[in-house]
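In: Everything below, folded, please.
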Amino acid sequence: MASKRKIIRVGAHQLSWGTSLTTTRQILDQMETAKELGCGAFEAFLSGNFGPRKSHVLETVSTTAQKIGLTTIGCAIIRNGIDGDPLSTDETLRRKAVKAIKQYIQDTRCIGSSLLVGPLANVLGKPEAQPPTQAELKAGVETFRQIAETARRNNIRVAIEPLQWGEMPWPNTVQEVLKFISRVEKPAGIPKSALGVLFDIFHALRMEENYLDALKMLLDAGKLFHIHVAGPGRTPPRINQHIDWKKIIEMIQKAKWNGDITIESFGQECDLPLAVVGPGKRPPAREVIASGVETLQKAGL
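Out: Purely as a prediction, here's the structure:
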């Protein structure tokens, strides 16, 4: 008898609509659009765009997701000058980062999710950023030992995302994140299932020698917690692109992976910087998500 195929959900990202402060109604409309377009998940951006009634909005996201049948995912970044620095040898800045990430873990619980994702190991937008020194890496390890324990207590998994060099100088590859997590998890008593990796195809195409080998490395290590997809230049995913969508789906299905694949292409409504969203005319977020869902289905999902 054939084994039952694991459930893999396609998700819409709130960032497809942008990061400006949004009303509760706008966020709920985005969720309802995602469901209408065939998504089974919604990734909420937790870093500063929920407004003064943040707690209320987060809880509303949770109840709405349950009502309409969506899984939720929390997404966050470490903002320069706001969230401290998880790699800093300055104890004040490092404690501030620990506090910020712990809050994002609590926010993830509030939206009814068990997964927090994002480039949480370093600061975005840090001027004159350089790769971390050994002292800074050691500080980061101590930061994430605390985070792993907090995540375990809250039944939350944390997926660290490597980004391309132009957005963040470290970590940039799957191997760098896996080595970092290995250092974090080395002592006895540190949770071994709390930390994993977010595999983002846009960044992998720029930083990995072979993006499919990097994906296989994560699957073999059991550390693939989440996937972001976008077409070249962060265009909507389409089946005729040079990205081998069919191979990606084949690999994760063969590994019996079950998780969420979020479409992280940006619609014309998105207000992120040009360096992030890419040049050229963008379709509305609704078309971006619809294209992504269709592409992944054609690829065998």
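
In: Okay, helices next: where are they in the stretch 151-300 of the chain?
Out: Using DSSP state H, counting those that start in this stretch, the helices of the stretch 151-300 of the chain run over residues 174-185, 201-207, 211-221, 245-254, 274-277, 285-298.

In: Reformat those as CSV; add mean neighbour count and mean pLDDT.
Out: No exception for glycine: its C-beta is placed from N, CA and C like everyone else's. Converted to CSV, the helices of the stretch 151-300 of the chain look like this (neighbours: other Cβ atoms under 10 Å; pLDDT from 0 to 100):
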stretch, mean neighbour count, mean pLDDT
helix 174-185, 20, 98
helix 201-207, 20, 96
helix 211-221, 17, 98
helix 245-254, 16, 97
helix 274-277, 13, 84
helix 285-298, 21, 97
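
In: Save these as JSON lines, and put in distance to V141 too.
Out: JSON lines is the format used below for the helices of the stretch 151-300 of the chain (distance: least, Cβ to Cβ, whole Å):
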{"stretch": "helix 174-185", "distance to V141": "5"}
{"stretch": "helix 201-207", "distance to V141": "22"}
{"stretch": "helix 211-221", "distance to V141": "18"}
{"stretch": "helix 245-254", "distance to V141": "29"}
{"stretch": "helix 274-277", "distance to V141": "28"}
{"stretch": "helix 285-298", "distance to V141": "36"}
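
In: Please identify which of those helices is closest to E128.
Out: E128 sits nearest to helix 274-277 of all those, at 16.3 Å, using Cβ to Cβ.

In: Could you check how far the closest one is from the centre of its chain?
Out: Between the centre of helix 274-277 and the centre of its chain there are 17 Å (Cα atoms, centre = their mean, to the nearest Å).

In: Kindly report the same for stretch 106-116.
Out: 13 Å.

In: Tell me the buried residues in that stretch?
Out: Using 16 or more other Cβ atoms under 10 Å as the test for burial, stretch 106-116 gives 106-113, 115-116.

In: how about it as CSV, C-alpha atoms only?
Out: Provided in CSV are the C-alpha atoms of stretch 106-116 (Å, rounded to 0.1, in the frame of the first residue of the first chain):
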residue,chain,number,x,y,z
GLN,A,106,5.2,35.5,21.9
ASP,A,107,3.6,37.3,18.9
THR,A,108,3.9,34.1,16.9
ARG,A,109,1.9,32.3,19.6
CYS,A,110,-0.7,35.1,19.6
ILE,A,111,-1.4,34.5,15.9
GLY,A,112,-1.9,30.8,16.5
SER,A,113,1.3,29.8,14.9
SER,A,114,4.0,27.4,16.0
LEU,A,115,6.7,28.7,13.5
LEU,A,116,8.7,32.0,13.5
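
In: Contacts only, for the closest residue to F202 other than its chain neighbours.
Out: In space, and not counting its chain neighbours, F202 is closest to A230: 4.7 Å by Cβ to Cβ, 6 or more residues apart in numbering. By Cβ atoms under 8 Å, 6 or more residues apart in numbering, the contact list for A230 reads 201-202, 236-237, 263-265.

In: before we move on, the earlier item: with I8 as the reference, name the closest of the helices of the stretch 151-300 of the chain.
Out: The nearest among these, by Cβ to Cβ, is helix 245-254 at 6.6 Å.

In: Give me the contacts around that closest one.
Out: Contacts for helix 245-254 (Cβ under 8 Å, 6+ apart): 5-6, 8, 201, 212, 215-216, 219, 224, 227, 229, 237, 239, 295-296, 298-301.

In: Return the angle between stretch directions for that helix and helix 285-298.
Out: Counting by axes from the mean of the first three to the mean of the last three Cα atoms, to 10 degrees, helix 245-254 points 70 degrees away from the direction of helix 285-298.

In: Sketch out the low-pLDDT regions of the chain for me.
Out: The chain contains residues with pLDDT under 70 at 1-6, 21, 49-53.

In: and D90, how many neighbours does it have?
Out: 11 (other Cβ atoms under 10 Å).

In: Quick one: residues contacting it.
Out: For D90, no contacting residues are found, by Cβ under 8 Å, 6+ apart.

In: now do the one 3 residues further on
Out: Each residue near L93 by Cβ under 8 Å, 6+ apart is listed here: 84-85.

In: One more: F202?
Out: Contact partners of F202, counting by Cβ under 8 Å, 6+ apart, are 164, 228, 230, 234, 264.

In: Thank you kindly, that will do.
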